[in-house]
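**Q** Provided below are the primary sequence and the corresponding predicted coordinates.
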Amino acid sequence: MTPIGSDNADSPPGGLHSVPASTGDLAELLRLSGRGDEAAFVQLYDATAARAYGMAVRVVRDPSQAEEVVQEAFLEIWRTASRFDVSRGSAVSWILTLVHRKAVDRVRSAEASTRRDTTYHQRSQTVEHDSTAEAAQASMEARRVRQAMGSLTGVQRQALELAYFKGYTHTEVATMLDLPLGTAKTRIRDGLIRLRDTMGVGQ
Amino acid sequence: MNESLHALSGAYVVDALDDDERASFEQHLPGCLDCQAEVASLREATALMADDAALTPPDSLRSSVLAGIKTVRPLPPETGARQKPEPVGTATTMAKVLPMRPRRRRIATLVAAAAAVVAVGAGAVYQPWQDNSSSTPPELSAADQVLAASDAQRHSLELDDGSTATVVRSLNQGKAVLLTRNMAAPPPGKAFEVWLQDEAGTMIPAGMMRKAGDHKLLLECDAAKATGVGITVEPESGSAAPTTQPIALFELKGA
């Protein structure tokens, strides 16, 4: 990795995601970005864009829309980087939270007008596993996460995936999984707690 | 326990709340250290899910982002506006308890305030971290510590059933306790829910009382800035916002 602050803003994007920056690096890169350091921001982008883009593709489905979402989100990250507070969480979760929120806003607003007509269709096609996962880049971390996801109950995992990767509200998730109203949010929370504790993050 | 709102933490971090729920939760978050900690830790877990979804983005995305930032100026850091809210009230600025007359107006205010939050939220810059201080007072205070606090302020009211209820607040501890003596039982299938009213007039769930008699209830969340404490009759599972007129409303001043 090039030294922080070096002028590599125009260098090619070789080795994308192959050298993920450590947590502390990302926080530092975010801090420098907040001061207008474009080179630091490029490094930050290269270290996180694959996760941001892959997640956005899962949520909005259409790759070109996912691209727009990620672009908007990264411009927002650049603009608001000075508001990041490392005492409240990691840089990567801050970044992905912004991207996810934009992706979900995108699908909700796009679907708002058509959702009524397609409810049956959505309900009948949702639960099978997402095939875009096949294209995911293999990494040790990803494998550990997959194992941790596998340790959740089926309902926890399905509820979590429908919410996070498909952008449905917990009320919609409850309907899709035939859960009593109000219990999907509990399954989502339980699933996240289990994932958190299995992976030993956020302690 | 603040079940109804606290239970939304997981759905909140995966953006699975509808707009109203999100607004309620974001109202609640700044005053609740438990929820802040849980949201922060669950966000780390959520971020892991994206590891498994990673896909190499097209080079065109990188170029657009890099071209884009050249036209956008980063916001300056926030300076004075985010400092720790210091309890500033003193004994002399605390008002006496007022009679419980303006119930209707209060409810109307909170409905208006909630609507305003939704309206503002739609256009506001979204920030994953709430604009609240991470250095709010530590959550060490048991009810007895509040009652024994040197700066404890007491506000008593007589309820319609003839019993007495008292709110004791310590600004230094940022906590309040509700005491009841010989309180009548809630109607069948119902419970008493206690609310902290914030500066905007919004009622934040602060605890439940399900039985008759004596209670010593440590109210949840930061009470330092609360402007009032209300009690309403709600379904046993609790509500996210009051659905009935208060049976008691304590006005707190000087926060």
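**A** The structure has been received and is ready for your questions.

**Q** Please identify the helix or strand for A:Met55.
**A** Assigned by DSSP states H and E, A:Met55 belongs to helix A:38-60.

**Q** who does that helix touch, helix- and strand-wise?
**A** helix A:23-34, helix A:63-80, helix A:91-111, helix B:33-51, helix B:59-69 (3 or more C-beta pairs under 8 Å, 6 or more residues apart in numbering or on different chains; DSSP states H and E). C-beta: built from backbone N, CA, C; applies to glycine.

**Q** Could you identify the helix or strand that succeeds the helix or strand of chain A with the lowest mean pLDDT?
**A** Every helix and strand of chain A was ranked by mean pLDDT, DSSP states H and E. The lowest is helix A:115-125, at a mean of 45. Sequence-wise, the next helix or strand downstream of helix A:115-125 (DSSP H and E) is helix A:140-150.

**Q** Buried residues of that following helix, list them for me.
**A** By neighbour count with 16 or more other C-beta atoms under 10 Å in any protein chain shown, helix A:140-150 contains the buried residues A:Ala142, A:Val145, A:Ala148, A:Met149.

**Q** does chain B sit close to that helix?
**A** Yes - using C-beta under 8 Å from any C-beta of the partner chain, helix A:140-150 reaches chain B at A:Glu141, A:Ala142, A:Val145, A:Arg146, A:Ala148, A:Met149.

**Q** how distant is the next helix or strand after that helix from the center of its chain?
**A** Using DSSP H and E, the helix or strand that follows helix A:140-150 in sequence is helix A:154-164. On the basis of C-alpha atoms, centre = their mean, to the nearest Å, helix A:154-164 sits 14 Å off its chain's mean C-alpha point.

**Q** mean confidence for helix A:154-164?
**A** For helix A:154-164, the mean per-residue pLDDT is 96.

**Q** Which elements pack onto it?
**A** Short answer (3+ C-beta pairs under 8 Å, 6+ apart): helix A:154-164 packs on helix A:140-150, helix A:170-176, helix A:184-199, helix B:33-51.

**Q** Which one of the ones you listed lies nearest to A:Val92?
**A** helix B:33-51 (5.3 Å; C-beta to C-beta).

**Q** circling back: pull the distance from the helix holding A:Met55 to the chain's centre.
**A** The answer for helix A:38-60 is 9 Å, by C-alpha atoms, centre = their mean.

**Q** quick one: contacts for B:Thr244?
**A** B:Thr232, B:Val233, B:Glu234 (C-beta atoms under 8 Å, 6 or more residues apart in numbering or on different chains).

**Q** 6 Å instead?
**A** B:Thr232, B:Val233 (C-beta atoms under 6 Å, 6 or more residues apart in numbering or on different chains).

**Q** Quick check: pLDDT value at B:Glu21.
**A** 94.

**Q** Pull up the gap between it and chain A, please.
**A** Applying C-beta to the nearest C-beta, to the nearest Å, the value for B:Glu21 to chain A is 8 Å.

**Q** Kindly report the same for B:Leu171.
**A** Distance from B:Leu171 to chain A, by C-beta to the nearest C-beta: 24 Å.

**Q** Touching, that residue and B:Lys225? I think so.
**A** No - judged on C-beta atoms under 6 Å, B:Leu171 makes no contact with B:Lys225 at a distance of 9.2 Å.

**Q** more crowded one of those two?
**A** B:Leu171 (26 against 20; other C-beta atoms under 10 Å in any protein chain shown).

**Q** show me where the stretch 101-250 of chain B has helices.
**A** B:103-123, B:143-148 (DSSP state H, counting those that start in this stretch).

**Q** and the ones you listed, which one is worst for confidence?
**A** The bottom spot among the helices of the stretch 101-250 of chain B, by mean pLDDT, belongs to helix B:103-123, with a mean of 44.

**Q** What about A:Tyr53, how many residues nearby?
**A** Considering only other C-beta under 10 Å, A:Tyr53 is surrounded by 27 other residues.

**Q** With adjacent residues omitted, what lies nearest to it?
**A** Once flanking residues are discounted, A:Tyr53 sits nearest to B:Pro57: 3.7 Å by C-beta to C-beta, 6 or more residues apart in numbering or on different chains.

**Q** Where does the one you found sit, in terms of helix or strand?
**A** Counting by DSSP H and E, B:Pro57 is part of no helix or strand.

**Q** And it, how close does it get to A:Ala142?
**A** Distance, B:Pro57 to A:Ala142, using C-beta to C-beta, to the nearest Å: 16 Å.

**Q** A:Gly150 now?
**A** A:Gly150 is 13 Å from A:Ala142, by C-beta to C-beta.

**Q** B:Gly31 now?
**A** 37 Å.

**Q** hmm, back to that, okay, the helices and strands packed on helix A:154-164 in CSV with mean pLDDT next?
**A** Below are these laid out as CSV (pLDDT from 0 to 100):
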stretch, mean pLDDT
helix A:140-150, 87
helix A:170-176, 96
helix A:184-199, 96
helix B:33-51, 93
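
**Q** Save these as TSV, and put in distance to A:Arg61 too.
**A** Formatted as TSV, these follow (distance: least, C-beta to C-beta, whole Å):
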stretch	distance to A:Arg61
helix A:140-150	21
helix A:170-176	16
helix A:184-199	21
helix B:33-51	16
